[in-house]
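S.K.: Okay, predicted coordinates and the sequence, questions at the end:
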Amino acid sequence: MRLKKKRSSNKKVRNATAKVYKGIKFRSKLELFTYKKLEEADIKALYEKKKYVLQEGFRYPSEVYEPHKTKGYVSTTAKIRDITYTPDFVDPNGKWIIEVKGFANDVFPVKWKMFKDYLMQQANPPMLFLPKNQKQVLQTIELIKQFKAATVL
């Protein structure tokens, strides 16, 4: 009997070192840096708390033949799972989203496009930020501060 490998909800990020801060496990040092800088700027953010369903799961209505690791080429009726996206930092008021991305995997560009398309369907889509290094994180925080100042007036 072959044991199923337990799927980890905390997937490894390429060239990233996971860190724990205040009981929160960050997937990379850049995410932790972002969290600390948001904290210093007194900007509230939810870290990996909001999941978006970009496409609902479904069952294909006809025969599907696909390769299987141990059984060869077989007919499958497995349900296609939802395509979901969980951004790194979300404004509790829904005004902005930050996705910290040092190195993107192969799936990220497609999901990012799907995510933007999903958000465009909303009445007031949030501002999106995609910083890839500390300098861009600092620029992102300055832009959010400017935006907050402008909307308070």
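M.R.: Structure's in. What do you need? Residues are numbered from 1 along each chain as shown.
S.K.: CA atoms of stretch 96-103 as PDB?
M.R.: C-alpha atoms of stretch 96-103 as PDB (Å, rounded to 0.1, in the frame of the first residue of the first chain):
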ATOM      1  CA  TRP A  96      -5.100  47.700  -2.200                       C
ATOM      2  CA  ILE A  97      -3.300  44.400  -2.500                       C
ATOM      3  CA  ILE A  98       0.400  43.700  -2.300                       C
ATOM      4  CA  GLU A  99       1.900  40.500  -3.800                       C
ATOM      5  CA  VAL A 100       5.500  40.300  -2.900                       C
ATOM      6  CA  LYS A 101       7.300  38.300  -5.600                       C
ATOM      7  CA  GLY A 102      11.100  37.800  -5.500                       C
ATOM      8  CA  PHE A 103      11.100  34.800  -8.000                       C
END
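S.K.: buried stuff in that stretch?
M.R.: 96-102 (16 or more other Cβ atoms under 10 Å). In this view, the C-beta of every residue, glycine as well, is placed from N, C-alpha and C.
S.K.: and those residues, which two are the farthest apart?
M.R.: With Cβ to Cβ as the measure, no two of the buried residues of stretch 96-103 lie farther apart than W96 and G102, at 19.8 Å.
S.K.: re earlier: just the buried residues of stretch 96-103: which are in helices?
M.R.: Under the assignment DSSP state H, the buried residues of stretch 96-103 contribute nothing to helices.
S.K.: which one of these sits closest to Y21?
M.R.: When these are compared against Y21 (criterion: Cβ to Cβ), the nearest one is V100, at 14.2 Å.
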